[in-house]
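**Student:** sequence? don't have it. structure:
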C-alpha cells in the first residue's frame, strides 16, 4: 500500500472524512494530493532543532513527512529556527473544508496561501463557475503557490499582500477561510463577505470558528467547530516564554489549591478552551510524567505561577507578579464546572465593527466574555 493510500485509509478507518461534504475526500486524495504541493525541502524535529529533509537525498523520509498520520502536519518552512509554514494535517483540513459549506459557483477568499493546496481544494469544489482568491504575505511562498497551482491546473488567483486586509478589489465573497490563527477576527473579512456568507478561521491557536455574516452586514456570529492548532499570522510578535516572565527570583507566594485535579487540566481540551475564553491573555502549558503533573502559567507580562501535583497530594502553587494567577485560574475553572462544564462546541463568537465577544450556550443570554483586549495584527 502506498503512503498516499495509507493516509486516505487511515482517515476512513478513523471516520474523519466529513459525511456532509462527500466532495472533500476525492478532492484531497485525487484532485490535490499532498505531494503535489510539498516543496523539495521539508523540516523535521530531531529532539533539539528543526533539520532539513530533502527529497533528492532522502526520498523515503521526505514521503513519510508528507504522508504521516491524519493528525500530522508537514513543516514546509522554518525561519529563525521556528516553523512558519506547513501543510496542515489531513484531519483538520477536512474538518475546516466541511465547516465552510462550500458550493459550486462560490466566490472564496483564502488568507494564507502557503503552498497553495488548500486553495486548490476549494477551487476543485467551486468549479469553473466559482472564483478562489488567496492572499499570502511572504513573496517567496506566494511564488511557490502560483507554481504549484499552475502545475495542478487549479484556477486560483494568488495575491501577494497582507491577509488582514483581505482582497477588497475581488470582493464580495461567499466564503472566507484563514489558514492561520487570529485572536481578533479582522473586520475587513466581515466587510468583504456577502450577507449570509461564512467565515471559517482558527482562533487563538486552539479552536476554529465558523461565523455567518448578518443580513445587514454589521456583524458575524457563529459557533466553535472543533479543535485546531495553527501558526499565528506572520508579523505576530512572539509571546514571552514562561521562563522569561518568571525570571530568577524566589516565588513571592506558595499556596495550596484545594479540589484541583491537575490531571484534568492536562487532558481536558474543553477545560483548556474555556480558560482560554475567560482569560485570553493567559498562557498554560502542562506536562505529566511518573505521577507528577506540572502546569506553567503566565500572563505574557509580569505574573506567573507554577502548579505542581504529585500522586494524590494537593496541588501546590508557586507564583509571582502583581496578579495571583492561581486564584484567577481556579475561579474560572470552578465557574466552568458550575456551568455544567460546557464543551468546546458549546462556545461561539460574535464580531462587530467595535467588539468581539465569546459566549457559551445561547448567543444572546449565555455567559459572555469580551475579547476587546486582544489586538488585530497584520501579516499572512
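**Tutor:** Arrived safely. This structure is a prediction, so every number in the text was calculated from the model and none was measured.

**Student:** Burial check on residue 370, number of neighbours?
**Tutor:** 11 (other C-beta atoms under 10 Å). All C-beta spots, glycine's among them, are computed from the backbone N, C-alpha and C.

**Student:** is it true that it touches residue 357?
**Tutor:** Yes - with the criterion set as C-beta atoms under 8 Å, residue 370 and residue 357 qualify as a contacting pair; they are 5.7 Å apart.

**Student:** Mind jotting down where the strands sit in the stretch 251-380 of the chain?
**Tutor:** 253-257, 283-289, 292-298, 304-310, 315-320, 347-352, 356-360, 368-370 (DSSP state E, counting those that start in this stretch).

**Student:** Please identify the pairing partners of the last one and their relative orientation?
**Tutor:** In the sheet, strand 368-370 lines up against strand 356-360 (antiparallel) (DSSP bridges).

**Student:** hmm, who's touching the partner strand?
**Tutor:** Contact with strand 356-360 is made by 184-185, 274, 277, 339, 342, 346-350, 366-372, 374, as judged by C-beta atoms under 8 Å, 6 or more residues apart in numbering.

**Student:** Please apply the same query to stretch 208-215.
**Tutor:** Applying C-beta under 8 Å, 6+ apart, the external contacts of stretch 208-215 come out as 92, 95-96, 99-100, 185, 190, 193-203, 219-228, 230, 348-349, 351.

**Student:** still on that earlier bit, which of the contacts of strand 356-360 are buried?
**Tutor:** For these, a burial check counting by 16 or more other C-beta atoms under 10 Å picks out 184-185, 274, 277, 342, 346-350, 367, 369, 371.

**Student:** got those residues as TSV, with pLDDT columns?
**Tutor:** Output for the buried ones among the contacts of strand 356-360, formatted as TSV (pLDDT from 0 to 100):
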residue	pLDDT
184	92
185	95
274	91
277	85
342	92
346	94
347	94
348	94
349	95
350	96
367	87
369	84
371	71
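
**Student:** Just give me the closest of those residues to residue 73.
**Tutor:** residue 185 (23.0 Å; C-beta to C-beta).

**Student:** before we move on, back to that, filter the contacts of stretch 208-215 down to just the ones in helices.
**Tutor:** 92, 95-96, 99-100, 190 (DSSP state H).

**Student:** what two of those residues are the furthest from one another?
**Tutor:** Farthest apart among these - using C-beta to C-beta - are 92 and 190, which lie 23.2 Å from each other.

**Student:** confidence score at residue 63?
**Tutor:** The per-residue pLDDT reported for residue 63 equals 97.

**Student:** Ignoring the adjacent residues along the chain, who's closest to it?
**Tutor:** Take residue 63 and drop its neighbours on the chain: the residue closest to it by C-beta to C-beta, 6 or more residues apart in numbering is residue 3, 5.4 Å away.

**Student:** how close does the one you found sit to residue 296?
**Tutor:** Using C-beta to C-beta, to the nearest Å, one obtains 37 Å as the distance from residue 3 to residue 296.

**Student:** Also residue 35?
**Tutor:** For residue 35 relative to residue 296 (C-beta to C-beta), the value is 38 Å.

**Student:** Neighbour count: the two, which is higher?
**Tutor:** More neighbours sit around residue 296 than around the other of residue 35 and residue 296, counting by other C-beta under 10 Å; the figures are 18 against 15.

**Student:** can you count the residues close to the residue nearest to the more buried one when sequence neighbours are not counted?
**Tutor:** Ranked by C-beta to C-beta, 6+ apart and with sequence neighbours excluded, the top spatial neighbour of residue 296 is residue 242, at 4.3 Å. When counting by other C-beta under 10 Å, one arrives at 18 neighbours for residue 242.

**Student:** got it, and the one 5 residues further on?
**Tutor:** The number of residues packed around residue 247, counting by other C-beta under 10 Å, is 11.

**Student:** Could you do residue 195 as well?
**Tutor:** Residue 195, neighbours per other C-beta under 10 Å, totals 13.

**Student:** That one: what's it in contact with?
**Tutor:** By C-beta under 8 Å, 6+ apart, the contact set of residue 195 is 213-217.

**Student:** and residue 370, how far is that from residue 122?
**Tutor:** With distances taken as C-beta to C-beta, residue 370 is found 33 Å from residue 122.

**Student:** cool, and residue 115?
**Tutor:** In this structure, residue 115 and residue 122 are separated by 14 Å, where distance is defined by C-beta to C-beta.

**Student:** next one: residue 269
**Tutor:** Distance from residue 269 to residue 122, counting by C-beta to C-beta: 27 Å.

**Student:** just residue 164 next, same as before
**Tutor:** Here the distance between residue 164 and residue 122 works out to 20 Å (C-beta to C-beta).

**Student:** which residues does residue 174 contact?
**Tutor:** If you count contacts by C-beta under 8 Å, 6+ apart, residue 174 has them with 103, 106-108, 193-194, 197-198.
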